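K.L.:
here is the input, now give the coordinates:
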Amino acid sequence: MSYGPNIVDLSRQSATYVDRILKGTTPAELPVQGPTNVQLIINGNTAKAIGLAVPPALFARADEVIE
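P.N.:
Numbering: from 1, shown residues only. Okay, here's the model as predicted:
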């Protein structure tokens with residue numbers, strides 16, 4: 001299982017920061033921002049291989065399931 005930020009969204013946020021810096025904003029003036037979107041990814045094959053019983057409700061809530 002992996003629960004973390006969406007890499008695509010982080011890339012978009014960093015591009016916004018770079019744009020603002022190139023337009024003249026100093027980095028000290030930029031606000032600190034955290035990820036706005038997180039995802040839950042479950043690898044079903046690995047869970048079965050190590051004997052981990054993952055509840056169906058958790059599979060249903062996952063953003064991506066690797067089979």
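K.L.:
what sits up against the helix ranked longest in the chain?
P.N.:
As assigned by DSSP state H, the longest helix anywhere in the chain is helix 7-22. Here helix 7-22 makes contact (C-beta atoms under 8 Å, 6 or more residues apart in numbering) with 27, 30, 33, 35-37. Yep, even glycine has a C-beta here, placed from its N, CA and C like the rest.
K.L.:
in stretch 57-65, what's buried?
P.N.:
Ala62 (16 or more other C-beta atoms under 10 Å).
K.L.:
average model confidence for it?
P.N.:
When pLDDT is averaged along stretch 57-65, the result is 93.
K.L.:
what's in contact with it?
P.N.:
Stretch 57-65 is contacted by residues 39-42, 44 when judged by C-beta under 8 Å, 6+ apart.
K.L.:
how far out from the middle of the chain is that stretch?
P.N.:
Computed by C-alpha atoms, centre = their mean, to the nearest Å, the chain-centroid distance of stretch 57-65 equals 15 Å.
K.L.:
stretch 56-67 too?
P.N.:
The answer for stretch 56-67 is 15 Å, by C-alpha atoms, centre = their mean.
K.L.:
now do the same end-to-end measure for that stretch.
P.N.:
Start to finish, the residues bounding stretch 56-67 are 14 Å apart (C-alpha to C-alpha, to the nearest Å).
K.L.:
pretty sure Leu40 sits in a helix.
P.N.:
No - in this structure, Leu40 is strand, not part of a helix, as judged by DSSP: H, G, I helix; E, B strand; the rest coil.
K.L.:
need the contacts of stretch 57-65 in a markdown table with neighbour count, can you?
P.N.:
A markdown table is the format used below for the contacts of stretch 57-65 (neighbours: other C-beta atoms under 10 Å):
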| residue | neighbour count |
| --- | --- |
| Gln39 | 16 |
| Leu40 | 15 |
| Ile41 | 13 |
| Ile42 | 21 |
| Gly44 | 14 |
